[in-house]
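Trainee: Structure, please.
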Amino acid sequence: MYKVVLSQKADRDIEDIRQYIANVLLQPASAERVISEIYRKLKNLATAPKGATIYPYEPWQSREARCTRVRHYRIFYYVDEQKKEVRIIRIAYSGVNPEYVAP
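Mentor: Model (predicted):
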């Protein structure tokens, strides 16, 4: 079992996603469902962190970052085998070019 650790940026990303769906799209119930799905996916990464492939584009590929999806969002993360950690780096809308989502 791996420990899942969120970066400050990933933590902020989750809150930004919640706020956008709830306050801009005016769908607070949908916001809570999406956030719940994200947290479920993060929990699953604790048992199967290598289930996603290394993301094939820079700046992620050279850093061996992996990427998985929840609905319209990408979760970028690293697996630290020595520490048995999954480090969540960013969570971004899938329509955004990953080159512009700084790790």
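Trainee: so where is this structure shaky, pLDDT-wise?
Mentor: 99-100, 102-103 (pLDDT under 70).
Trainee: Okay, strands next: where are they in it?
Mentor: 3-6, 66-70, 73-80, 85-93 (DSSP state E).
Trainee: mind checking which of those is nearest residue 52?
Mentor: Among the strands of the chain, strand 66-70 comes nearest to residue 52, with 4.1 Å by CB to CB. (Glycine included, C-beta is placed from N, CA and C.)
Trainee: Can you name the residues in contact with the closest one?
Mentor: Applying CB atoms under 8 Å, 6 or more residues apart in numbering, the contact partners of strand 66-70 are 34, 37-38, 41, 45, 49-55, 60, 74-79, 94, 98.
Trainee: switch to 6 Å and redo it
Mentor: Strand 66-70 is contacted by residues 37-38, 41, 52, 54-55, 74-77 when judged by CB atoms under 6 Å, 6 or more residues apart in numbering.
Trainee: Run the angle between that strand and strand 85-93 for me.
Mentor: 50 degrees (axes from the mean of the first three to the mean of the last three CA atoms, to 10 degrees).
Trainee: Let's have the contacts of strand 66-70 in CSV, adding distance to residue 83 and neighbour count.
Mentor: Output for the contacts of strand 66-70, formatted as CSV (distance: CB to CB, whole Å; neighbours: other CB atoms under 10 Å):
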residue, distance to residue 83, neighbour count
37, 26, 13
38, 22, 21
41, 21, 19
52, 19, 19
54, 19, 15
55, 21, 19
74, 23, 20
75, 19, 23
76, 18, 26
77, 13, 27
